[in-house]
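1. Model the structure of this input:
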Amino acid sequence: MVVPVLHASIPETANAARPVARRLVFGIPGIPNTQEGAGSSSSSTEALPEVADEFGVDTALADIQYEEDEIYVGRVFKSKTDCKIKLAIHAMNRKFHFRTPRSSPAMLLAQCVGNGCPWRVYAVLLDASGKFQVRQANLIHSCTVHERRNYHKLATTQVIGEIMQSRFVGIKRGPTATAIRKIMLDEFHVNVSYWKAWRARELAMDHAMGTMVGSYSLIPAYLALLQSSNEGMTCFLESTDAEDGGRRFKYCFVAYGASISGYPSMRKVVVVDGTSLKGKFGGCLLSASAQDGNFQVFPLAFAVVDSENDDAWE
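-> Sure, this is the predicted structure:
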């Protein structure tokens, strides 16, 4: 199927090009205020602390404390899974193990495994949003060291993935599975297997950068935006019907307008090649390029296909 061109959803009017004036509490130094013009960037930057003091922003930020793994009555978690993960991190940092004798979609009860230990956390569902709130919390321990020694069992793939998620934000690769094993051993004194560390790394990457399935689902919208912003561009997307009623990606072809318009000036030799994609779904990346008068590589088009076969090349 050919991806349609997206049209602008906001009609062009006489006021469409007029900049919208906004009063920013937090600004970026060097960016001028739209109300004062480009020549007053320094004055607008100097006025930012006064605006922040007026609204009490500095005082509010100074009072904020990072909750980390602290558990207290009234703390709200975004979901039941998030509540269990935060409880597991709390227990691993304090070297004890807990169990969940009662658990349902609307409540969660966690108790220390120690015989007669009073440690207990009770959380309930707040509303239809799925958030959980701690209603009761007794954080005093009376268990022995022998009873607390199985805290390493709380280091599941989900818990490790939550701990490592921040290490993948804004970073291309993040720690490897071997590095994750070392981090867990140094910081939490928990020895995990290589396979568990590898699965935790995959979960952390999915949470931080998105899943591969989600990336494939964004291809139609991405190609439509490319067509609307690149004149003369040619792109083609083909998908097949899946068993569950959805669509499954098969082929994708992209040739930018600059490459198409520049081809008549190239040497009349086209080089095609393909390479395997190292990912969960595999596939091949095909490319076509030419050579300009200065003997430099000039890219013409590229495609993502299932494999290097006759149908894909056609």
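
2. quick one: buried residues of stretch 233-249?
-> Within stretch 233-249, the residues scored as buried using 16 or more other C-beta atoms under 10 Å are 233, 235, 237, 239, 249. Heads up, the C-betas are built off the backbone N, CA and C, glycines and all.

3. That one: end-to-end distance?
-> Start-to-end span of stretch 233-249 (C-alpha to C-alpha, to the nearest Å) is 21 Å.

4. Could you tell me how far that stretch lies from the centre of the chain?
-> Centroid displacement of stretch 233-249 relative to its chain, using C-alpha atoms, centre = their mean, to the nearest Å, is 24 Å.

5. Can you list the neighbours in contact with it?
-> Contacts with stretch 233-249, where a contact means C-beta atoms under 8 Å, 6 or more residues apart in numbering, come from 1-3, 216, 219-220, 223, 226-227, 250-257, 260, 301.

6. So which of the residues you listed belong to helices?
-> Here DSSP state H is the test, and those give 216, 219, 220, 223, 226, 227, 257, 260 as lying in helices.

7. quick one on the thing from earlier: now, which of the buried residues of stretch 233-249 lie within strands?
-> Among the buried residues of stretch 233-249, the members found in strands (DSSP state E) are 235, 237, 239, 249.

8. How many residues are close by residue 146?
-> 8 (other C-beta atoms under 10 Å).

9. Please renumber the chain so that the first residue is 22 from this point on.
-> With the count now opening at 22, the last piece we talked about shows up as residue 167.

10. Tell me the secondary structure at it.
-> With DSSP: H, G, I helix; E, B strand; the rest coil as the basis, residue 167 sits in coil.

11. likewise the one 4 residues further on?
-> The three-state label for residue 171, taken from three-state DSSP, comes out as helix.

12. where does this structure have low pLDDT?
-> In the predicted model of the chain, residues 22-89, 192-193 satisfy pLDDT under 70.

13. Which parts of it belong to which domain?
-> Split into domains by automatic domain parsing, the chain comes to 45-85, 88-172, 176-231, 237-334.

14. Straight-line length of the last one, end to end?
-> Domain 237-334 has an end-to-end distance of 21 Å (criterion: C-alpha to C-alpha).

15. Quick one: residues contacting residue 226.
-> Counting by C-beta under 8 Å, 6+ apart, residue 226 has contacts 189, 195.

16. so which strand or helix has it?
-> Using DSSP states H and E, residue 226 sits in helix 215-230.

17. do residue 137 as well
-> Using DSSP H and E, residue 137 falls within no helix or strand.

18. ok, it touching residue 161?
-> No - look at residue 137 against residue 161 with C-beta atoms under 8 Å: they stay out of range, at 11.9 Å.

19. any idea where the helices of the protein begin and end?
-> 62-76, 78-84, 101-114, 178-185, 198-209, 215-230, 233-238, 240-250, 278-283, 331-334.
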